[in-house]
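K.L.:
coordinates only, sequence not included:
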């Protein structure tokens, strides 16, 4: 059940990140979920390590979206170069 919750949370965070940074990205729903989960992990870790919030606080969602936007921006910088190689 935890895996399903992470997938749903990742999808929601990924969709919000795509609304914040609109544009064409290769991938689709799988990429959106992957970016959302990775963003949630990155943002959650950074927020807790910085002391902004504790486990279960509402600020975790905001940090997850920030992390997903950062990962989406990195994907847009690096992604086209990787696609040309393969």
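P.N.:
That came through, no problem. Worth saying up front: this structure is predicted, and the values here are computed from it rather than measured.
K.L.:
in this protein, which spans are helices?
P.N.:
2-20, 29-50, 59-85 (DSSP state H).
K.L.:
In the first one, which residues are buried?
P.N.:
Going back to what we said before, that points to helix 2-20. Neighbour-count burial for helix 2-20, counted by 16 or more other Cβ atoms under 10 Å, picks out 9, 10, 11, 12, 13, 14, 15, 16, 17, 18. From N, CA and C alone the C-beta is placed, and that goes for glycine too.
K.L.:
what about residue 42, how many residues close to it?
P.N.:
17 (other Cβ atoms under 10 Å).
K.L.:
so who does the residue nearest to it when sequence neighbours are not counted touch?
P.N.:
Leaving aside its sequence neighbours, residue 42 sits nearest to residue 67 (Cβ to Cβ, 6 or more residues apart in numbering; 3.7 Å). Shown in contact with residue 67 (Cβ atoms under 8 Å, 6 or more residues apart in numbering): 38, 39, 40, 41, 42, 43, 44, 46.
K.L.:
and the gap between residue 67 and residue 43?
P.N.:
3 Å (Cβ to Cβ, to the nearest Å).
K.L.:
Equivalent analysis for residue 49, please.
P.N.:
Distance, residue 49 to residue 43, using Cβ to Cβ: 11 Å.
K.L.:
of these two, who's got more company?
P.N.:
residue 43 (25 against 8).
K.L.:
Settle this for me: that one is touching residue 52, isn't it.
P.N.:
No - Residue 43 lies out of contact with residue 52 (Cβ atoms under 8 Å); the separation is 10.0 Å.
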